[in-house]
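[1] Predicted model, plus sequence, below.
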Amino acid sequence: MKTLFRCLVALAVAVGPAVAPAAELAKPPVATNHPLAFIDSSFENASPVWYEFAPDGTVLIHLLYDQERSSPNRAAGHIHFLLQAKPGARLILEFKNLDNVWNGISGSVARELKTAVISENGRDWKSVPLEHLATNRVRLHVEMPGPRLYVARVKPYRLSDLDKFLAAIRPNPLVQVSAIGRTVQGRELEIIRMGYPQAPSRLLLRARAHPWETAGNWMVEGLVRRLLRDDADAKEYLKRYCVYILPMANKDGVALGRTRFNLQGRDLNRHWDKPADPQLAPEDAALEKWLEGMIKAGHPPHLALELHNDGSGQLHLSRPPVPDLTRYLQRMAILEELLRKHTWSTEGSTKAGTRNPGTLGDGWLERYGIDAAVHEFNCNWIAGLKDYPSARHWQTYGEKLATVFYEYFGSVKP
Ligand SMILES: [Zn+2]
């Protein structure tokens, strides 16, 4: 007995002072009677968040920024998580960290954040308006239809959605999918060739340089499915042009639920004024290598559109000092006119004097002489339809683009 006592004393001395009083350790976890049990952000494309409860019960959702390398720029605007709460509960969610830094200037994305989408099953989504308070505060009011409710900024389009799409179109002889390189984390990047490579005109589309902006993927699906419809129009379209598509440039960011930058802190729609850095932006280096291969083979694209979402939905025409700028602007005017004619686009293009150096549109025009532009899609409202944006509307837009490109390449001969 005496030996055992000595042993216990020795053990206590060896362990040293306890890190917390025993009474504190014994306390049960603080229970909350708030109807929200948990916010799950562990799944594919979920936005990293942490949350807390305000005294009035509002759930404060802190979005996490991704940061740009060698820059004060930071971005948080991707929203995608799963609420787990009591069925029937009315929740108020307030989004925090909307003060982004863009092109070195502080600004809030609160003004652009006018709607969100919700879904019980993660597949069928509906738009809901957001409430705006003073000082850039944005809130979402939801009533839990059951124990689970997904919330997102726009209808998500995940890597698994792209994989399903590629699996569906790959067997078609009109489609060829080629690997062109890998992302920072080693995910394979692919270019979809849709149509015949010997067609007189060629077009390049790129989507998801910025991971939260899903419209481009839905649009691409609409366009490809239209061109694969085995009808007389599709046959005529494909006699005239061949489409090359990089459907998801920032796959790492999409997988991890980031907002803007790649995993080395690079904006993939910047730095196109000089050769891409294969270490910092392998996603852009792969596309650049593909492009230079096409140019070398005598098959450069005649038009390139970089697809994005924002709060205004314009065609972004940048004006680098190139000798053919007038010709470029005339062609873009034809494109804009055809977009108005065949799609619900009413937003027009950026005004004279606009220059945004380093974007794909600016860089490809300046360095390669390719007619290129950034096509934004309004993420809050489609004025031409007087409706909220949805995957279905963006797919329809893509379908109509098949005609737009047909007429564009009919009047702008290569
Ligand atoms: Zn963007």
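    Perfect, I can see it now. Numbering: from 1, shown residues only.

[2] and stretch 87-95, what's its mean pLDDT?
    The pLDDT scores in stretch 87-95 average 98.

[3] So which bits of that stretch are buried?
    By neighbour count with 16 or more other CB atoms under 10 Å, stretch 87-95 contains the buried residues 89, 91, 93, 94, 95. The C-beta positions use only the backbone N, C-alpha and C, and glycine is treated the same way.

[4] now stretch 43-53
    45, 46, 47, 48, 49, 51.

[5] Could you check how far the last one is from the ion?
    In this case it means residue 51. 26 Å (CB to the ion, to the nearest Å).

[6] and that residue, bridged to which residues?
    Under DSSP bridges, the beta-bridge partners of residue 51 are residue 61.

[7] Would you check that it makes contact with residue 58?
    No: here residue 51 does not reach residue 58: they are 10.3 Å apart, not a contact under CB atoms under 8 Å.

[8] Tell me, please, where in the chain the pLDDT is lower than the cut-off.
    Low-confidence segments of the chain (pLDDT under 70): 1-26, 28-31.

[9] Which positions in it make contact with the ion?
    Contact residues (CB under 5 Å from the ion) of the chain with the ion: 210, 213, 308.

[10] among these, who's most crowded?
    Within these, residue 210 tops the neighbour count with 28 neighbours, counted by other CB atoms under 10 Å.

[11] which residues does that one contact?
    250, 253, 259, 260, 267, 268, 269, 308, 309 (CB atoms under 8 Å, 6 or more residues apart in numbering).

[12] any idea which of these is closest to the ion?
    residue 308 (3.5 Å; CB to the ion).

[13] any chance you could map the helices in the stretch 151-300 of the chain?
    Here the stretch 151-300 of the chain has its helices, by DSSP state H, counting those that start in this stretch, at 159-169, 215-228, 232-240, 251-256, 282-296.

[14] Tell me which of the buried residues of stretch 87-95 fall in strands.
    91, 93, 94, 95 (DSSP state E).

[15] Just flag the most distant two among those residues.
    Spanning the widest gap among those are 91 and 95, at 13.0 Å by CB to CB.

[16] The helix or strand containing residue 392 vs helix 159-169, what angle?
    Residue 392 is part of helix 391-411 when elements are defined by DSSP states H and E. Helix 391-411 runs at 50 degrees relative to helix 159-169, counting by axes from the mean of the first three to the mean of the last three CA atoms, to 10 degrees.

[17] Number the chain from 56, please
    Sure, I'll start numbering at 56, so the last one becomes helix 446-466.

[18] and helix 446-466, what does it pack onto?
    Other helices and strands packing on helix 446-466, by 3 or more CB pairs under 8 Å, 6 or more residues apart in numbering; DSSP states H and E, are strand 256-262, helix 270-283, helix 287-295, strand 296-301, strand 358-365, helix 380-397.

[19] For residue 91, find the nearest of the helices of the stretch 206-355 of the chain.
    helix 306-311 (24.0 Å).

[20] Need the residues that contact that closest one.
    Helix 306-311 has contacts (CB under 8 Å, 6+ apart) with 99-100, 103, 121, 212-214, 238-240, 242, 244, 263, 265-266, 303, 313-318, 338.

[21] Just the ones of those in strands?
    Those of these lying in strands (DSSP E): 121, 244.
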